[in-house]
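Visitor: below are the sequence and a predicted model; questions follow.
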Amino acid sequence: NSEETVSAEEAAPKPTVKCPDCDLCDGSGRILGGIGVVLPWWPIKAYRPCPNFIDRGGRYVRSGQALDEIAFGRDSSYNPTES
């Protein structure tokens, strides 16, 4: 059993570092902002792109829910110009 556990741990893929050797972010290409900086236990996290990541040619992709979806219950994918 211990041999199976060790081989499973070795086979687990390592997360890719998008912003290596950065002093602003943790290597993910994003910096924690908002109330999550002051209150780390706060369940809602807001991130912004790391300037070093952008300067190195990285492309920041937003993920998660939009503010309209959280605060007002609106569908963030709704586009009023589409019919």
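Guide: Happy to help now that I have it.
Visitor: can you list the low-confidence ranges for this structure?
Guide: 1-15, 76-83 (pLDDT under 70).
Visitor: change it to 50
Guide: 8 (pLDDT under 50).
Visitor: what about the strands in it?
Guide: Listed in chain order, the strands of the chain (DSSP state E) span 30-33, 46-49.
Visitor: what is the neighbour count of Ile31?
Guide: Ile31: 19 surrounding residues under other Cβ atoms under 10 Å. Where you see a C-beta, it was placed from the backbone N, CA and C, and this is true even at glycine.
Visitor: what's the answer for Arg30, then?
Guide: 22.
Visitor: number of nearby residues for the nearest residue to it once chain neighbours are set aside?
Guide: Closest residue in space to Arg30, ignoring its immediate chain neighbours: Tyr47 at 4.1 Å, by Cβ to Cβ, 6 or more residues apart in numbering. Burial of Tyr47 is recorded as 18 neighbouring residues (other Cβ under 10 Å).
Visitor: how near is Tyr47 to Gly73?
Guide: 22 Å (Cβ to Cβ, to the nearest Å).
Visitor: do the same with Leu32
Guide: In this view, Leu32 and Gly73 are 25 Å apart by Cβ to Cβ.
Visitor: phi first, then psi, for Gly29.
Guide: phi 90, psi 10 (degrees, to the nearest 10).
Visitor: let me fix that, I meant to ask about Val17.
Guide: Torsion angles, degrees, to the nearest 10, at Val17: phi -100, psi 110.
Visitor: appreciated, that's everything.
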